[in-house]
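> here's my sequence, what's the structure:
(one chain, ligands or ions: 1)
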Amino acid sequence: MSELLVINGQQRISGRINVSGAKNAAVAILPASVLAENNPVKITNLPRITDINKLIEILKALGADVIEDEANERNLLIDPTNVNSHTPPGMMINKLRASYYLMGSLLGRFLQVEIPMPGGCDLGPRPIDQHIKGFTALGATVELEHGIVKIKAKKLQGAYIYLDVVSVGATINIMLAASRAEGKTVIENAAKEPEIVDVANFLNAMGAQVRGAGTDVIKIEGAKELRSVEHCVIPDRIEAGTFMIAAAATYGDALVEGVIPKHLDPVIAKLKEVGAGVEVGPDWVRIKAPNGLAPTDIKTFPYPGFPTDLQPPMMVLLTRAPGTSIVSENVFERRFRHVEELKKMGAQIKLEGRTAIIEGGSQLTGAPISAMDLRGGAAFVIAGLISQGETYLRGLEHIDRGYESIESRFRKLGVNLERLAETE
Ligand code: UD1
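Numbering: from 1, shown residues only. Down below sits the predicted model:
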């Protein structure tokens, strides 16, 4: 049954919210748990989003015992002892980009893995050549047959790997496999995202030796065995950024709690540039925006650059700032699919290749629109809040992949949106 969100326009954010655990760390840590062989791991602060629920189903299908903490659904105990398959079920893998982390983890554990090509948000071509380059350097052979990636190794041997593209997924995947390889692996031109550091901390707590995560050179000394561990997932900087941008775009006032402010530096800098008031505490950020915003330019880059995942929400904000703003998307080739829908709401945006030129200042009007990817979907919620009239937002399955009941989250911030089942 399909659902839609009804969003009343011209609402103002006002309230406080605690952010969830980071999706992009959690989707790597769950697959990484199979590396612990017969040692259970406890993971806390998991976001209960559909991407995580799907991964739990996949782990169970592979044979893992997954026990939910009755007192707290964000805590899971995973016992990977009975994982006995290196072929995750194809049906479940479809549409889940992060399923690619099962490549590194199952290869590390079984020296082989067979897995369908990963799905996920359609942001243009999303090749996995750098993941493959890494696995090959570690001694594996990789074949693609009828859409199935088949990876095999007699043994994994530490290696020097230079990534041609700065890739979050390839960096983590190589870390996972290398943590069970013999000897030392060096990843040069590694991605530096905080989620990579979180995965490295998880592996290190299990007894691996990963050094340099968070810089562009990561060194991994493989371990024969990894042990039990309890790990708390870091806060989700993208969810936090979504609420911060929503607060500024609605001329609102939000206290976003349970964050690591350093991870939000690029967002804070841009919100200040558009004229929002930003106060930063040890683990919170308060955004208080005046009635009226200034235009600015945004260029997305790998961390610590401005995150591509917050480009769509920021673009919505810029439609409100009188004047010209320029947004350059440097990470993904096709991450402007939200623009067509925003135009239906009256946004004045012109696309030139990977650049969007926004003439801000005109009032958006509510419209029936559809999310086509996760972060574009979150941006449409903000667009609905600042529009005049009602917005009917469909394609919620994309948003549910990364936000826990987005309507309840936004309600905490004092705005009203309603999820309705759609009658045929
Ligand atoms: C991850 C995040 C996603 C975020 C993105 C960039 C997860 C689950 N998803 O996605 O939310 O938007 O980082 O911060 O963590 N590339 C190649 N070859 C490869 C791998 C990547 O050419 O083998 C290219 C991609 O097409 C893209 C760029 O490198 O243009 C960055 O991609 P990457 O960092 O790998 O993104 P994901 O891991 O897919």
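> from here on, contacts and neighbour counts on C-alpha atoms
Fine.
> which residue ranges of the stretch 151-300 of the chain form strands?
160-162, 184-188, 209-211, 217-221, 229-232, 253-257, 277-280, 284-288, 297-299 (DSSP state E, counting those that start in this stretch).
> mind checking the SS state of Leu393?
Under DSSP: H, G, I helix; E, B strand; the rest coil, Leu393 falls in the strand class.
> an error on my part: the question was meant for Ile7.
Classified using three-state DSSP, Ile7 is strand.
> surely Ala356 is within a strand?
Yes. Applying three-state DSSP, one finds Ala356 inside a strand.
> residues contacting it?
Counting by C-alpha atoms under 8 Å, 6 or more residues apart in numbering, Ala356 touches Ile326, Val327, Ser328, Ile349, Lys350.
> out of the strands of the stretch 151-300 of the chain, which comes closest to Ser33?
strand 229-232 (9.4 Å; C-alpha to C-alpha).
> next, the buried residues of the helix or strand where Glu340 lies.
For Glu340, the host element (DSSP states H and E) is helix 338-344. Neighbour-count burial for helix 338-344 flags His338, Val339, Glu341, Leu342 (criterion: 16 or more other C-alpha atoms under 10 Å).
> winner for burial among the strands of the stretch 151-300 of the chain?
Across the strands of the stretch 151-300 of the chain, the average number of neighbours (mean count of other C-alpha atoms under 10 Å) peaks for strand 253-257, which reaches a mean of 23.
> let's see that one as PDB, backbone CA atoms only.
Below are the C-alpha coordinates for strand 253-257, written out as PDB (Å, rounded to 0.1, in the frame of the first residue of the first chain):
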ATOM      1  CA  ASP A 253      14.500  28.100  16.000                       C
ATOM      2  CA  ALA A 254      15.800  24.600  16.600                       C
ATOM      3  CA  LEU A 255      18.000  23.000  19.200                       C
ATOM      4  CA  VAL A 256      19.600  19.900  17.600                       C
ATOM      5  CA  GLU A 257      21.000  17.800  20.400                       C
END
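> could you give the angle of it to strand 284-288?
170 degrees (axes from the mean of the first three to the mean of the last three C-alpha atoms, to 10 degrees).
> and the residue in the chain sticking out farthest from the centre, how far from Gln112?
Distance from the C-alpha centroid of the chain peaks at Lys154, with 33.1 Å (C-alpha atoms, centre = their mean). According to C-alpha to C-alpha, to the nearest Å, Lys154 and Gln112 sit 9 Å apart.
> was I right to think Asp79 contacts Ala64?
Yes. The pair Asp79 and Ala64 passes the contact test of C-alpha atoms under 8 Å, sitting 5.7 Å apart.
> can you tell me if stretch 43-55 touches the ligand.
No. Applying C-alpha under 6 Å from any ligand atom, one finds stretch 43-55 out of contact with the ligand, separated by at least 9.4 Å.
> quick one: mean pLDDT over that stretch.
Averaging pLDDT along stretch 43-55 yields 95.
> figure out how far it is from the centre of its chain.
12 Å (C-alpha atoms, centre = their mean, to the nearest Å).
> repeat that for stretch 241-261.
18 Å.
> how far does that stretch stretch from start to finish?
10 Å.
> wait, does it contact the ligand?
No. Stretch 241-261 stays clear of the ligand (C-alpha under 6 Å from any ligand atom), getting no nearer than 13.0 Å.
> pLDDT averaged over that stretch, what's the number?
So the average pLDDT for stretch 241-261 ends up being 98.
> ok, stretch 89-102 next?
78.
> run through who's touching that stretch.
Contacts of stretch 89-102 (C-alpha under 8 Å, 6+ apart): 27-28, 31-32, 51, 54-55, 58, 61, 115-121, 169, 172-173, 176.
> what sits against the residue farthest from the centre of the chain?
Contacts of Lys154 by C-alpha under 8 Å, 6+ apart are Leu111, Gly139, Ala140.
> which one among those residues gets closest to the ligand?
For the contacts of Lys154, the closest approach to the ligand (C-alpha to the nearest ligand atom) belongs to Ala140, at 15.8 Å.
> got the contact list for the closest one?
Contacts of Ala140 (C-alpha under 8 Å, 6+ apart): Ile151, Lys152, Ala153, Lys154, Lys155, Leu156.
> are any of these buried, and which?
Buried among these (16+ other C-alpha under 10 Å): Ile151, Lys152, Ala153, Lys155, Leu156.
> out of everything not next to it in sequence, what's closest to the third one?
The reference is to Ala153. Computed as C-alpha to C-alpha, 6 or more residues apart in numbering, the closest residue to Ala153 that is not its neighbour in sequence is Ala140, at 4.2 Å.
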